[in-house]
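Undergrad: got a predicted structure here, sequence first:
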Amino acid sequence: MIGEQAGEAMYPSGQMRATDVDRDNVQHVLNDAYAQGRLTQAEWEQRASVLSGPVTYGDLDRLTADLQPRQQAGPAYPQGYGQPPAASEHTNGMAIAALVCGIGQLVAGFPAGIAAVVLGHLARKRIRETGERGDGMARAGLILGYVGIVLGILLVLLIVGIGASSGGGHSGIQGG
């Protein structure tokens, strides 16, 4: 808070350098205005060229001052307000593969469990990015994969433990 006040004292808000995100936002406003016919090509080119160099918040304000959206009588809601965003109708292929590998480890064993876990994590990441369907399948693949891996490790430890106890039961002391 103190640093912000000191920065504002040194650089009034209109003279502070704008960030890349701020320049990108203004570029979107300019692109939309050009697409809507509110700017000519020459006006768009002139304003867009300013964004390529160092600009301040004051410069950004001047570039868009005449392009601010009109005030409407009521609240402006996006089209389709109250409806969920349209999700992709496509089901993620990696989610399907994760589920298949999770189930398939009954036949294929340990490697299929590892594949289920890897594919499940990759699918969930992709689903968050794209909005595709299949999150439930990816989760099921992950759960089956982790359960299979843990059970496989426990089975190996059990076999090693039984082998060690039956083969190593002699203490080495000879009775007389």
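TA: Arrived safely. Residues are numbered from 1 along each chain as shown.

Undergrad: contacts, neighbours, all on C-alpha from now
TA: Noted.

Undergrad: how's this structure carved up into domains?
TA: As given by automatic domain parsing, the domain ranges for the chain are 7-65, 93-164.

Undergrad: show me the residue at the heart of the chain, geometrically.
TA: residue 129 (4.7 Å; CA atoms, centre = their mean).

Undergrad: so where's this structure uncertain?
TA: For the chain, applying pLDDT under 70 flags the ranges 1-14, 68-88, 167-176.

Undergrad: about what we covered before: is the residue nearest to the centre of the chain in a helix, a strand, or coil?
TA: Following DSSP: H, G, I helix; E, B strand; the rest coil, residue 129 is assigned to helix.

Undergrad: can you give me phi and psi for residue 112?
TA: Dihedral pair for residue 112: phi -70, psi -30, per degrees, to the nearest 10.

Undergrad: again with residue 36
TA: Dihedral pair for residue 36: phi -80, psi 0, per degrees, to the nearest 10.

Undergrad: ok, how many other residues are close to it?
TA: When counting by other CA atoms under 10 Å, one arrives at 10 neighbours for residue 36.

Undergrad: got it, and the one 10 residues further on?
TA: Each residue near residue 46 was counted by other CA under 10 Å, and the total is 12.

Undergrad: ok, it to residue 37 distance?
TA: Note on residue 46: its distance to residue 37, by CA to CA, to the nearest Å, is 15 Å.

Undergrad: so what secondary structure elements neighbour the helix ranked longest in the chain?
TA: In the chain, with assignment by DSSP state H, the single longest helix is helix 135-167. Judged by 3 or more CA pairs under 8 Å, 6 or more residues apart in numbering; DSSP states H and E, helix 135-167 is in contact with helix 93-108, helix 110-130.

Undergrad: may I see the buried residues of it?
TA: Residues of helix 135-167 classed as buried: 135, 137-146, 148-149 (neighbour count, 16 or more other CA atoms under 10 Å).

Undergrad: stretch 49-56 now?
TA: For stretch 49-56, using 16+ other CA under 10 Å, the buried residues are 51, 55-56.

Undergrad: closest to residue 108 among those residues?
TA: residue 51 (57.2 Å; CA to CA).
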